[in-house]
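Participant: Provide a 3D model corresponding to the input given below.
(one chain, ligands or ions: 1)
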Amino acid sequence: MQKSPATLALEQRRDILVPHIMHVSPSVWVSVAEDVSNVSMIVGPEGLVLVDTGMIPDCAERTLAHFREITDLPIKAIIYTHGHGDHTGGSPVFCAEGSEPAIWARDNFNAETEPFIRAGIMPLFKQRGGLQAGFTLPKEKRICNGIAPVRYPKAGGAVFSGKTGAVLPTHSFCGESMTLSVAGLELQLFAAPGETEDALVVWFPEERVLFGGDDLYRSFPNIYPVRGTGNRDILQWCESLKLMRSLEADVLVPGHTDPFLGKEHVHEVITNYHDALEFLFRKTTELMNEGNNADELAREVTLPPHLAELDYLKEFYGNVSWTVRNIFNSLVGWYDGNPLHLCEYFGPKEEAERMAALVGGLDALLARGREALTAGDAPWAARLADHVLALAPDMSEAKLLKADALDIIGETILTATGRNYALSVAQKLRKSTEQA
Ligand SMILES: [Zn+2]
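Facilitator: Numbers count the residues shown, from 1 in each chain. Model (predicted):
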């Protein structure tokens, strides 16, 4: 089968996302793509400060070994840019050296996961997170996650978010900013909510290096992850980007992918990133006022070409249409304005019954689905398979039709998490027919 443009683009990404160390300023080294997140080392007169730790102990050990070729000073502090497990899970390896580093984070550390825990839906969160990450897919199908190489964590690690596997912060700061004096270095921490509410950025003024965590990396940002999350506030994110730009950094180290180098380039990148988010918010709300619902907006609103063509705004990890839906939902909630949807007249089963009646029965519905697939219309084939499965949830032929359609759909999605999700669900459906 010929590879889709999305597959080819992700393969190109994978070829860039190879482990390497970047020496970005006299005292700063960054381990890129060894682990899922970047791990940065600032070398001070009296010791080291690490920004983030990666996710997987094996990877953290390799990063530490590289850093130890550069210096043997003790690790005095670790700063978590936010609570996601891909930034915190490697911490036990760095702490195992025994220098008892102070671990800094915001006082609302891990705020994103708390609502899931309170609601008791961590099983769902982990299940959807696993589908998004494609953990059960074979390596050739995962390609890369858009901003990081493929890694398979062992069970029990701090996989998504959370307090398992990671060493918890020993120090936290509240408010807007603070100055941290450690290892003979002066660093500033700024609250910078973006991908997460607990996000911070680290500013090393002496060498003009800014560590931006996941508020900016080489992909359109992940304003809505398909695993699900509470609202990621896009206007607040814009404010954080303005703060980052105001520092006039010479180097911007993102939480994933290669650092951006050069004052003018950093300024331009942050401006474009900010402008992309602001444009989507403005355009979406403008069209909402004209009566469009989320389904319509998700198809209509796109980035202007001069932003869409930028490599660091391509939808490798975050996705524009999911963002547009998120803006709609965050402002007015689920109701699309169609009064028919105020009452539950047609559940999936009732609608499927009527669809089947329209085309002459369940077998005809399945046949139409297969025809659609043969004709190259995988989304419609999947839609018809859904109707069949609503009426006959265990029918292997319908599961296989849906799986075949999802395999094709998945291959066309550039955003790695969406692609992984489609391919993982296809794999699950196929497996369920083997067990039957
Ligand atoms: Zn991350």
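Participant: Could you check how far residue 308 is from residue 299?
Facilitator: From residue 308 across to residue 299, the span is 15 Å (C-beta to C-beta, to the nearest Å). All C-beta atoms are positioned from the backbone trio N, CA, C, and that covers glycine.
Participant: Next secondary structure after the longest helix seen in the chain?
Facilitator: As assigned by DSSP state H, the longest helix anywhere in the chain is helix 263-289. Downstream of helix 263-289, the next assigned helix or strand under DSSP states H and E is helix 294-300.
Participant: quick one: contacts of that following helix?
Facilitator: Among residues not part of helix 294-300, those counted as contacts by C-beta atoms under 8 Å, 6 or more residues apart in numbering are 284, 287-288, 292, 321-322, 324-325, 327-329, 336.
Participant: Of the residues you listed, which is the most crowded?
Facilitator: Of all these, the highest neighbour tally under other C-beta atoms under 10 Å goes to residue 324, namely 27 neighbours.
Participant: Quick check: residues of the stretch 151-300 of the chain near the ion?
Facilitator: Within the stretch 151-300 of the chain, the positions lying close to the ion (C-beta under 5 Å from the ion) are 214, 255.
Participant: where does the stretch 151-300 of the chain have low pLDDT?
Facilitator: For the stretch 151-300 of the chain, residues meeting the criterion pLDDT under 70 lie at 154-164.
Participant: again, only using 50
Facilitator: Applying pLDDT under 50 to the stretch 151-300 of the chain picks out residues 156-163.
Participant: What's the local residue count around the residue of the stretch 251-400 of the chain at minimum distance from the ion?
Facilitator: The nearest approach of the stretch 251-400 of the chain to the ion comes at residue 255, 4.7 Å away (C-beta to the ion). By the other C-beta under 10 Å criterion, the neighbourhood of residue 255 contains 28 residues.
Participant: Make 564 the first number, not 1, from now on.
Facilitator: I'll keep to 564 as the first residue from here, and by that count the last item is residue 818.
Participant: Is it correct that it is in contact with residue 600?
Facilitator: Yes - under the criterion of C-beta atoms under 8 Å, residue 818 makes contact with residue 600 at 5.4 Å.
Participant: Quick check: neighbours shared by the two?
Facilitator: Residues touching both residue 818 and residue 600 (C-beta under 8 Å, 6+ apart): 615, 650.
Participant: Can you point out the buried residues in the helix or strand that contains residue 624?
Facilitator: Taking DSSP H and E as the criterion, residue 624 maps to helix 620-633. Going by neighbour count (16 or more other C-beta atoms under 10 Å), the buried part of helix 620-633 is 620, 622-627, 629-630.
Participant: Now do that helix: everything it contacts.
Facilitator: Under C-beta under 8 Å, 6+ apart, the answer for helix 620-633 is 582, 584, 592, 594, 597-599, 602, 604, 606, 611, 616-617, 652-657, 660, 714, 720.
Participant: Which ones among these lie within strands?
Facilitator: Among the contacts of helix 620-633, the members found in strands (DSSP state E) are 584, 592, 594, 602, 604, 606, 611.
Participant: Out of these, which are close to the ion?
Facilitator: Within the ones in strands among the contacts of helix 620-633, nothing lies near the ion by C-beta under 5 Å from the ion.
Participant: so which of those is the most crowded?
Facilitator: Neighbour max across the ones in strands among the contacts of helix 620-633 (other C-beta under 10 Å) = residue 602, 28 neighbours.
Participant: can you pull up the bridge partners for the residue nearest to it when sequence neighbours are not counted?
Facilitator: Spatial nearest neighbour of residue 602, excluding adjacent residues (C-beta to C-beta, 6 or more residues apart in numbering): residue 594 at 4.5 Å. Beta-bridge partners for residue 594, by DSSP bridges, are residue 584, residue 602.
Participant: And for residue 815?
Facilitator: residue 773, residue 823.
Participant: pretty sure it contacts residue 775?
Facilitator: Yes - here residue 815 lies in contact with residue 775, judged by C-beta under 8 Å, at a distance of 5.7 Å.
Participant: Now the common contact residues for those two.
Facilitator: Taking C-beta under 8 Å, 6+ apart as the contact rule, residue 815 and residue 775 both touch residue 807.
Participant: When these two are compared, which one has more neighbours?
Facilitator: Using other C-beta under 10 Å as the criterion, residue 815 and residue 775 rank with residue 775 on top: 30 against 27.
Participant: Run through the residues that contact the more buried one.
Facilitator: Residue 775 is in contact with 644, 755, 764, 807, 815-818, counting by C-beta under 8 Å, 6+ apart.
Participant: and the host helix or strand of residue 587, what does it pack onto?
Facilitator: Element membership for residue 587 (DSSP H and E) is strand 583-588. Applying 3 or more C-beta pairs under 8 Å, 6 or more residues apart in numbering; DSSP states H and E, one finds that strand 583-588 contacts strand 591-595, strand 814-817.
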